[in-house]
Every structure is written in structure tokens, then in C-alpha cells.
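Visitor: next come a sequence and a model predicted from it.
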Amino acid sequence: MASFVPTQCLLQLLFVASLLPFISAARRLAQDQQPLLLQYHNGPLLSGKISINLIWYGKFKPSQRAIVSDFITSLSSSKTTPHQPSVAAWWNTIDKYYLLIKSKKSTSLGLSLGTQILDENYSLGKSLTSRNLKQLAAKGQQSNAINVVLTSSDVAVEGFCSSRCGTHGSSPSSKTAKVNGKISKFAYIWVGNSETQCTGQCAWPFHQPIYGPQSPPLSAPNNDVGMEGIVMNLASLLAGTVTNPFGNGYYQGSAEAPLEAASACPGIYGKGAYPGYAGKLLEDPTTGASYNANGVNGRKYLLPALLDPSTSTCSTLV
């Protein structure tokens, strides 16, 4: 049976609504953050040279695909950007998880953009189940890879909006033999485009939440609210995937609904964040767009805070 580790994305609406009575206390906690420790469960982390393959399901414009592919390329420290803070600097926090277990296992990780597969004809229809997502993910390379399924705004996915903006998991590989007597698994991610579905949940703070403080939404740096949501949630899920790919890596709480490297820091994008406020961010002087990371090709992104295992606190770029 396939192993499936759901990592629900940042449902900002639920986060804000559940904590509204405690916003004043949250303001104080933002200044005096309580330590949070993710337990290591002795399982493997993704290591070596890993390709991130993108499976585009439905209709996406080339300009939309470029937003995501540029983000993936920006993760590599070998791809420098003249402006700081950078996407690569954000990802450096993940390296600390590997350093903690280096004395036990030799681990290192290098990510790169792999192949891109277009499924513009909706081969499985416009209403997908979790099983369908695994089928789509299996179209990509199943060795030394993370296969990312991205569904367009007109595709309904089981659990989308009601409980998740995306998820990550693992599935037995159908294309590789057993490794050391064990069935080989590959890691995958799914993220939905929330342009027309639950934008207030999955693309906050670039869209107003349905409930909670109704401050004006921030201006999107790539001028596409749905794709900004994809990048934010993909970033969160990538962090969870490499540090907890098979459900026995770094996490806290239940293995069925774990807190991971990014999901342990919900709704935090800059210093001083509290429910309903993303934190103090950078602003593009030309467009007025809010962001906290620079990428390749002049891209700007808003990326979630990551739990720094060396300090047990949520680390932001700005």
C-alpha cells in the first residue's frame, strides 16, 4: 500500500479565524517567540542530486510556468542573484537539518529543475482524487526526484479548499527495482491554483481572507495572485518534503498531520507577524509589490518562515 503523508498547506483563513480572540497576545508572542523543536524520527531525508520535475495539469500560460520554474532554479546556491535577501538564502535554513544528523549519516542535498510535463487536455478529467494525484505524479522520473503536480484554476481536487491548499507524500515506484530488499518510493507534491477557488485561504496575504481582519491585500510581485499562492505553498511543501519525505523524518505531532519545517510557522513571512498580519516585508519601489526574497531573472517572491533547528524558532529573511 502506498505511503501517504499529508502535509496541509497554510490555510490562512483557518489560522486567522481560530486565533482572532488572541491577536493581542499574538502580538506579544511575535516579539517573544516560544521555542519549538521538531523531533527527528530516524528516517531518511532526501539527499544527493534531486531533480524537481513539474507536471502541469490543465491550462497554464508560459508566463505562469516561468514564475514557478524560476523559483525552483533560484533555490540553488550556484545560481546567484545580485540582490539580497535571496531564495537561496531562504533555503539555506534547510541545510541545518542535514548538519544535525551528519555525524550519523553522510547527507547533502542539491536541487535542480528537471523535466516539465504538460497535460493540457485534462487526461483524468477536471475533478481529481488523491489517487489521481499519485497517478499524475508517477509520470515523472521516480528516482532521485520530487515530482510536483500543479493543477490549474479550473480543476477541482479532493480536499482542496476544505482542508488543504496542497500536500506532499510518497508512493511506491513502478519504474525501479527494490533497493536493499525494500520497495523504492518516490516523493511527490501537489499544489492547486487558487485563482478562482479559496483565494482567501491559499493565496493570503495577496487576497483578503473571508473572515478575520480585513486589511487591504498585498500587491503580488509577479502580478498573478493564483501563481503567488502556488509558489508560497510549494515552498512550504518542498521544505516538508526534503526533511520528512517518507513520514519518519523531522516533524512534531501526529504523523498523519505533522508540523514540519514550514508548517510549524504558519502565517509568518516577516518579523513582527501575527494572525492577520504577514509581518514587515520589503516593497518594490516601482510596483509597490510586497516580497521577502529575490530570485533569478529579476524575480521577487514571498516565502514562508522556516523553523530554524539551531534556534528552535521561526526564521524569516526580513
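Guide: Noted; the coordinates are in hand. Numbers count the residues shown, from 1 in each chain.

Visitor: please verify my assumption that T93 contacts D308.
Guide: Yes. In terms of C-beta atoms under 8 Å, T93 counts as a neighbour of D308; the distance is 5.5 Å. Glycine gets a C-beta too; all of them are placed from N, C-alpha and C.

Visitor: and the strands in the stretch 201-318 of the chain?
Guide: 250-251, 282-283, 290-291, 293-294, 300-301, 306-308, 313-315 (DSSP state E, counting those that start in this stretch).

Visitor: what helices or strands is the last one leaning on?
Guide: Applying 3 or more C-beta pairs under 8 Å, 6 or more residues apart in numbering; DSSP states H and E, one finds that strand 313-315 makes contact with strand 306-308.

Visitor: buried stuff in the strand it packs on?
Guide: L306, L307, D308 (16 or more other C-beta atoms under 10 Å).

Visitor: equivalent analysis for stretch 124-132, please.
Guide: By neighbour count on 16+ other C-beta under 10 Å, the buried set for stretch 124-132 is L128, N132.

Visitor: quick check: mean pLDDT of it?
Guide: Throughout stretch 124-132, pLDDT has a mean value of 98.

Visitor: use 22 as the first number for this chain going forward.
Guide: All set: I'll call the first residue 22, so the last point we hit is now stretch 145-153.

Visitor: determine the longest helix present in the chain.
Guide: In the chain, with assignment by DSSP state H, the single longest helix is helix 246-264.

Visitor: returning to that earlier point: can I get the strands of the stretch 222-339 of the chain in TSV including mean pLDDT?
Guide: Output for the strands of the stretch 222-339 of the chain, formatted as TSV (pLDDT from 0 to 100):
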stretch	mean pLDDT
strand 271-272	96
strand 303-304	98
strand 311-312	98
strand 314-315	97
strand 321-322	98
strand 327-329	97
strand 334-336	96
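
Visitor: for the longest helix of the chain, C-alpha coordinates in CSV please.
Guide: Only the C-alpha atoms of helix 246-264 are listed here, as CSV (Å, rounded to 0.1, in the frame of the first residue of the first chain):
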residue,chain,number,x,y,z
VAL,A,246,-2.3,36.1,-7.3
GLY,A,247,-3.1,32.5,-8.1
MET,A,248,0.5,31.7,-9.0
GLU,A,249,1.8,33.6,-5.9
GLY,A,250,-0.3,31.2,-3.9
ILE,A,251,1.2,28.2,-5.7
VAL,A,252,4.8,29.4,-5.0
MET,A,253,4.1,30.1,-1.3
ASN,A,254,2.5,26.7,-0.8
LEU,A,255,5.1,24.9,-3.0
ALA,A,256,7.9,26.5,-0.9
SER,A,257,6.3,25.2,2.3
LEU,A,258,5.8,21.7,0.9
LEU,A,259,9.3,21.5,-0.5
ALA,A,260,10.7,22.2,2.9
GLY,A,261,8.5,19.5,4.4
THR,A,262,9.3,17.0,1.6
VAL,A,263,13.1,17.0,1.9
THR,A,264,13.1,16.9,5.7
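
Visitor: which strands or helices does it pack on?
Guide: Using 3+ C-beta pairs under 8 Å, 6+ apart: helix 246-264 touches helix 83-95, helix 108-121, strand 166-172, strand 187-193, strand 206-213, helix 220-223, strand 321-322.
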